[in-house]
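Undergrad: Coordinates only, no sequence provided:
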């Protein structure tokens, strides 16, 4: 979730946005949680690769990225990369960190009666669970590759 105020509303909103749309120059993250940044090409006409617009979206939950993936190529969307943004209490530092995701695993939490949970593996090999229990990703039972991202 984002928090913003009128002072951060961009004047571009008046020039280029459709009714109901707003451009913001700043927004505050309301929770120190994991976020996902998806970069994709959006083709005006699906299948016609001549004109593509690069777009970037920030999601509070991975389910938003899954929706993009689920749209498929017929939607004109070609996913280029997905990054995981982790706060310090998740990545073991005292600051935010951004890493490109290479693989998303379906797995299970060991302490919650093996509740299903995604585990995000970065291209550098680090793993972050989508867990609020606070388990380390190495403690998870990895069942199968859910998504593998390639450019």
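TA: Looks like it came in fine. Because the structure is a prediction, the values reported are computed rather than measured.

Undergrad: tell me the average confidence for the longest helix belonging to the chain?
TA: Counting residues, the longest helix found in the chain (DSSP state H) is helix 62-71. For helix 62-71, mean pLDDT is 93.

Undergrad: Can you point out the buried residues in the helix or strand of the chain with the lowest mean pLDDT?
TA: Lowest by mean pLDDT, DSSP states H and E among the helices and strands of the chain is helix 12-16, with a mean of 79. Across helix 12-16, burial judged by 16 or more other CB atoms under 10 Å covers no residue at all. C-betas here are computed from N, CA, C, even on glycine.

Undergrad: Which strands border the very next helix or strand once past that helix, and is each parallel or antiparallel?
TA: Sequence-wise, the next helix or strand downstream of helix 12-16 (DSSP states H and E) is strand 28-29. Neighbouring strands of strand 28-29 in its sheet, by DSSP bridges, are strand 2-3 (antiparallel).

Undergrad: what sits against the residue most central in space within the chain?
TA: Compute the mean C-alpha point of the chain, and by CA atoms, centre = their mean the closest residue is residue 36, 2.0 Å away. Residues in contact with residue 36, defined by CB atoms under 8 Å, 6 or more residues apart in numbering, are 58-59, 61-62, 64-65, 82-85, 101.

Undergrad: List only buried entries from those.
TA: 59, 62, 65, 82-85, 101.

Undergrad: out of those, who's nearest residue 107?
TA: Sorting these by how near they are to residue 107, with CB to CB, puts residue 62 at the top with 13.2 Å.

Undergrad: Turn the buried ones among the contacts of residue 36 into JSON lines, columns for secondary structure.
TA: Converted to JSON lines, those look like this (DSSP: H, G, I helix; E, B strand; the rest coil):
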{"residue": "59", "secondary structure": "strand"}
{"residue": "62", "secondary structure": "helix"}
{"residue": "65", "secondary structure": "helix"}
{"residue": "82", "secondary structure": "strand"}
{"residue": "83", "secondary structure": "strand"}
{"residue": "84", "secondary structure": "strand"}
{"residue": "85", "secondary structure": "strand"}
{"residue": "101", "secondary structure": "strand"}
